[in-house]
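Engineer: The following block contains a protein sequence and its predicted model.
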Amino acid sequence: MNILITGSAGFIGGHLVRRLLEQGHHVTGVDNYIGGQPATTERLRHPRFQFTEADVRVALPYSGPRLDWVLHLASLASPAHYQRFPLETLQVNAQGTQQALELAAQHGATFLLASSSEVYGDPLAHPQREDDRGHVSCTGPRSCYDEAKRYAEALTMAYHRTRGAETRIVRIFNTYGPHMRPDDGRVVTTFVQQALRGEPLTVYGDGEQTRSFQYVDDLIDGLLRLMAVPYHGPVNLGNPEEVTVLELARLVGDLVGSPPQLEYRPLPPDDPRRRQPDITLARRLLDWVPRIGLREGLERLLAEERASGGGRHAAS
Ligand code: UDP
């Protein structure tokens, strides 16, 4: 198949491109490198991979053969980054999603939106099911991401309902793995980098807030399965193994081989208290469950980091 993917130089985008190439597809990647890394494009070099540097908020240039799929993954996703670039984040999910939907319509291609567990905000129900309407501040510091993803989902459903577009929406929960930016700012990368450098781990708030972390390979399996199923509503993909931030810190310390020193910092505003996916739908629809537990995933990540010399340099 011919597949165009926005955000191809991002963390998840890079992993997805690699898997699509392994399956024999022709892939066109697009990225403006605001969050993605040129090193990812370099690593993906392949006769069936083409790359265009472009800003999908403005235009999505493509002149190749008819596309079968447009996968819209472009967006800043780390709270530290999207709060530094709130307008860009809103726009890539608003105008960017529209550009990608229009390109898919021109080609009669199927469109996939990478949405987020952030649409649930600081959830009232636990775990989060797809029919949860969310508890989101539309003006808070996270709103540039949460509300943008909610709008992107609404736009996708409007194209599906009124224009008959073939669409998919995936709500991605916290995901980690190799090749994240060292300065990503999210908790897993930050703790791993800090632990490898022998620095204290920065715990925000009391560390009793929870998250559920999935290894990137499990997510990619779920995404590929969703592409094969004509279901248009949102689907959660995440690992239901829920841990507190303190438990994560202890586990990372354990694996690095030294009891972690903790440095407590203030909890950022609107930081969700709990997060855990209900994956009943993905299990039924896609016959999918995550296979890699947190300990195993962190071991794999640490092995990669050590092999590539990660943690030696201070995160910027
Ligand atoms: N967090 C932390 N220390 C860090 C970075 C994050 O304690 O150095 C906390 C953060 O406050 C949140 C959780 O870890 O409660 C997950 O944060 P992350 O930025 O990874 O993603 P989020 O799930 O909030 O989008």
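Structural biologist: Nice, I can see it. Fair warning: this is a prediction, and the values are worked out from it, not measured in the lab.

Engineer: For Val92, see how far away the closest residue to the ligand within the stretch 1-150 of the chain is.
Structural biologist: Residue of the stretch 1-150 of the chain nearest the ligand, by C-beta to the nearest ligand atom: Pro79 (4.6 Å). In this view, the C-beta of every residue, glycine as well, is placed from N, C-alpha and C. In this structure, Pro79 and Val92 are 16 Å apart, going by C-beta to C-beta, to the nearest Å.

Engineer: So for the two, which residue has more residues nearby?
Structural biologist: Val92 (28 against 19; other C-beta atoms under 10 Å).

Engineer: can you pull the contacts of that one?
Structural biologist: Applying C-beta atoms under 8 Å, 6 or more residues apart in numbering, we find Val92 in contact with Val56, Arg57, Ala74, Ser75, Leu76, Ala148.

Engineer: and what of Pro141?
Structural biologist: Residues near Pro141 by C-beta under 8 Å, 6+ apart: Gln83, Pro268, Pro269, Asp270.

Engineer: What parts of this structure come near the ligand?
Structural biologist: 79, 174, 186-187, 190, 202-204, 209, 211, 245, 267-268, 271 (C-beta under 6 Å from any ligand atom).

Engineer: Any of these buried? List them.
Structural biologist: Neighbour-count burial (16 or more other C-beta atoms under 10 Å) applied to these gives Pro79, Asn174, Arg186, Val187, Thr190, Val203, Gln209, Arg211, Val245, Leu267.

Engineer: what about the strands in the stretch 151-300 of the chain?
Structural biologist: For the stretch 151-300 of the chain, the strands defined by DSSP state E, counting those that start in this stretch occupy 167-172, 175-176, 201-204, 210-212, 214-215, 234-237, 242-244, 262-265.

Engineer: ok, and what's touching the fourth one?
Structural biologist: With contact meaning C-beta under 8 Å, 6+ apart, strand 210-212 is reached by 173-174, 187, 238-245, 248, 273-277.

Engineer: Any of the residues you listed buried? List them.
Structural biologist: Taking 16+ other C-beta under 10 Å as the criterion, what is buried in the contacts of strand 210-212 is 173-174, 187, 238-245, 248, 274-277.

Engineer: Can you name the residue of the stretch 201-316 of the chain nearest to the ligand?
Structural biologist: The ligand sits closest to Tyr204 of the stretch 201-316 of the chain, with a gap of 3.5 Å, by C-beta to the nearest ligand atom.

Engineer: ok, that residue - contacts?
Structural biologist: Residues in contact with Tyr204, defined by C-beta under 8 Å, 6+ apart, are Val245, Tyr264, Arg265, Pro266, Leu267, Pro268, Asp271.

Engineer: Same question for Val170.
Structural biologist: Contacts of Val170 (C-beta under 8 Å, 6+ apart): Leu112, Leu113, Ala114, Ser115, Gly222, Leu223, Leu226, Pro234, Val235, Leu237.

Engineer: ok, it to the ligand distance?
Structural biologist: Plainly put, Val170 is 16 Å away from the ligand if you go by C-beta to the nearest ligand atom, to the nearest Å.

Engineer: if we can go back for a sec, show me which of the contacts of Val170 is closest to Thr40.
Structural biologist: When the contacts of Val170 are compared for distance to Thr40 (C-beta to C-beta), Ala114 wins out at 15.8 Å.

Engineer: any idea how far the helix or strand containing that closest one is from the chain center?
Structural biologist: Counting by DSSP states H and E, the element that carries Ala114 is strand 110-116. Taking C-alpha atoms, centre = their mean, to the nearest Å, the mean C-alpha location of strand 110-116 is offset from the chain mean by 11 Å.

Engineer: for that strand, packing partners?
Structural biologist: Applying 3 or more C-beta pairs under 8 Å, 6 or more residues apart in numbering; DSSP states H and E, one finds that strand 110-116 contacts strand 69-72, helix 95-107, helix 143-163, strand 167-172, helix 216-227.

Engineer: And the first one, what does it pack against?
Structural biologist: Which is strand 69-72. Applying 3+ C-beta pairs under 8 Å, 6+ apart, one finds that strand 69-72 contacts strand 2-6, helix 95-107, strand 110-116.
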